[in-house]
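S.K.: model the structure of this input:
(one chain, ligands or ions: 1)
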Amino acid sequence: MPIRFAVTRKEAVILDPGSAMQKKAIPVEVRADPLTGRTSRICHFRTLRFEKPDLTRLIEASQATCPFCPEKLLRLTPCFPAEILAEGRLVRDEMTLFPNIAPYDGLGAVATLGRRHYIPMAEIEPERIANGLALALDFFRRVRAIRHSEAVYYLLSWNYMPASGSSLIHPHLQIFASSTAPNQLREELAAAQAYASLHGAAYWDELAAAEKADGSRYFGRIGRIEWLASFAPFGVVGDVVGVVAGCRTLLDLSVEDLKAIAQGLAAAMAAYDRMGIYSFNVCFFPGRQEDEFARLRLVFSPRIYYNPVLATPDATALRTLYNESICVGFPEQIAAAVRAEFQRAED
Ligand SMILES: [Zn+2]
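M.R.: Now for the predicted structure:
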């Protein structure tokens, strides 16, 4: 098995004002992602209990001006031109997909996850998530059918609650297609292509097998999806990763896959909710249809405020400019706290 989980252990020694300036050694681990070598620091250790504030006023105040609430949606959200989507917007159940008024690329959409302005993280039903993903696939199929020039990488992300970067409380997905892969995806795909040429195997198949054999970061399999915790996470409280066996793009997903993805995401949300966390990012990482070495993955990354009173973001200079992640607990310990929810989902 050529996958290597490299850890460099370090120690910072200080004279501790909390114990009469006695010497104190503070451990730090630098972990390298087995595929790209991107490093992540395991440090700033703390208990995995976070403070969830009373959100009532924030939610009420945001509802009056929310463009995604049903009474305002059709008036305040844009439509696609007829050459992209003849009906302007797509609707499925109580969810609506329309162009992103602040797009990042030549083709970007937003989909609401229903009529409810606020849904607590642990109450977002798997059916709602699966239906939202199905609506995204409806859009991607349309984009593929017209052979749009951006229909190369089908991308989907989810920012939930302000700590994640979301400017709206109302649950919604970002759905876009692009001929330009974002940095992290491009680097991972290039590394996976190199891995496949060298070892004759798809990296993520091997990763899932290695994590399953090791067990310390493995959560289990739901349908075709292998769930595990990142060895070198992006998130300050670890990441939950789903690897979809046999899929390269979102368009390869079956209805059963959508249900399995939704079940895993709901398990992750339930687990982090128990720690007091109430915000997250999700991104899907696909390849192009022809990329045999690619496997569709999704990453769920919980978000916190370092200082809730000041709303201090967990993405500081280290993360934003050095692109270096910090995780405040050992991923294996965090995985132990998350695993029970996945075992419940499998039952
Ligand atoms: Zn709303």
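S.K.: which non-adjacent residue is nearest residue 131?
M.R.: Using Cβ to Cβ, 6 or more residues apart in numbering and skipping residues adjacent in sequence, the residue nearest residue 131 is residue 93, 5.2 Å away. The way it works is simple: take the backbone N, C-alpha and C, and place the C-beta from them, glycine included.
S.K.: my guess is the one you found meets residue 113, correct?
M.R.: No: the criterion here is Cβ atoms under 8 Å, and residue 93 misses it with residue 113 at 9.7 Å.
S.K.: quick one, which of those two is more surrounded?
M.R.: residue 113 (24 against 14; other Cβ atoms under 10 Å).
S.K.: the residue nearest to the more buried one when sequence neighbours are not counted: neighbour count?
M.R.: Spatial nearest neighbour of residue 113, chain neighbours left out: residue 171 (4.0 Å); criterion: Cβ to Cβ, 6+ apart. Neighbour count of residue 171, defined by other Cβ under 10 Å: 25.
S.K.: so residue 171 touches residue 111, yeah?
M.R.: No: with contact defined as Cβ under 8 Å, residue 171 does not reach residue 111; the gap is 9.7 Å.
S.K.: helices along the stretch 51-200 of the chain, start to end?
M.R.: 56-63, 70-76, 126-145, 183-199 (DSSP state H, counting those that start in this stretch).
S.K.: just the ones you listed: most buried one?
M.R.: The highest average neighbour count among these, using mean count of other Cβ atoms under 10 Å, belongs to helix 126-145 at a mean of 20.
S.K.: flag every residue of the stretch 151-300 of the chain that's near the ion.
M.R.: Counting by Cβ under 5 Å from the ion, the stretch 151-300 of the chain comes close to the ion at residue 170.
S.K.: nearest to the ion: which residue in the stretch 151-300 of the chain?
M.R.: Per Cβ to the ion, residue 170 is where the stretch 151-300 of the chain lies closest to the ion, at 3.3 Å.
S.K.: give me the number of residues near that residue?
M.R.: Residue 170, neighbours per other Cβ under 10 Å, totals 21.
S.K.: measure residue 323 to residue 110 for me?
M.R.: For residue 323, the distance to residue 110 equals 27 Å [Cβ to Cβ, to the nearest Å].
S.K.: and residue 27, that one's in a strand?
M.R.: Yes: the assignment for residue 27 (DSSP: H, G, I helix; E, B strand; the rest coil) places it in a strand.
S.K.: correct me, but it touches residue 9?
M.R.: Yes: counting by Cβ under 8 Å, residue 27 does reach residue 9; the two are 6.9 Å apart.
S.K.: quick revisit: which one of residue 323 and residue 110 is surrounded by more residues?
M.R.: Higher neighbour count among residue 323 and residue 110: residue 110, with 22 against 12, using other Cβ under 10 Å.
S.K.: return the residues in contact with the more buried one.
M.R.: Residues in contact with residue 110 (Cβ atoms under 8 Å, 6 or more residues apart in numbering) are 77, 97, 98, 99, 100, 172, 173, 174, 175.
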